[in-house]
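J.: predicted model, plus sequence, below.
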Amino acid sequence: ISSCEKASEWRQALHLLGDFATQSLQADIISYNAAISACEFSAPLGLSLALLNEARLQRLVNVITFSATISACEKATAWQSAVYFLDHL
């Protein structure tokens with residue numbers, strides 16, 4: 001998933017994350033952080049926010065998760081959302 005981030009292949013990153021469930025694997029915090037980061041530059045902001053929500057439900061969040069989400073908000077010029085997440089670190 002991290003390789004997808006570096007190659008700006010956010011769709012592939014989401015596909016790989018989705019494959020975890022079909023392969024009876026458990027995504028971890030690193031997987032979610034990498035997927036959020038992969039979505040940062042060209043994916044719709046809603047995808048990063050949905051991944052954050054999914055990670056939160058599984059209690060798989062840390063400062064890196066919020067940082068990646070804030071960065072995605074920045075790229076989408078959604079400063080209000082970025083401030084919200086910054087307040088909730």
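T.: In hand now; what should we look at?
J.: residues touching the helix or strand containing Gln80, excluding its own?
T.: Gln80 is part of helix 79-87 when elements are defined by DSSP states H and E. With contact meaning C-beta atoms under 8 Å, 6 or more residues apart in numbering, helix 79-87 is reached by 45, 49, 66, 69-70, 73-74. All C-beta atoms are positioned from the backbone trio N, CA, C, and that covers glycine.
J.: neighbour-wise, which one of those leads?
T.: Thr69 (29 neighbours; other C-beta atoms under 10 Å).
J.: that older thread, redo the contacts of helix 79-87 as TSV? Include pLDDT and distance to Leu16.
T.: Output for the contacts of helix 79-87, formatted as TSV (pLDDT from 0 to 100; distance: C-beta to C-beta, whole Å):
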residue	pLDDT	distance to Leu16
Leu45	93	20
Leu49	93	19
Phe66	91	22
Thr69	93	19
Ile70	90	23
Cys73	90	23
Glu74	89	25
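J.: tabulate those (a markdown table), appending distance to Gln58.
T.: What follows is those, written out as a markdown table (distance: C-beta to C-beta, whole Å):
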| residue | distance to Gln58 |
| --- | --- |
| Leu45 | 21 |
| Leu49 | 15 |
| Phe66 | 15 |
| Thr69 | 15 |
| Ile70 | 20 |
| Cys73 | 21 |
| Glu74 | 25 |
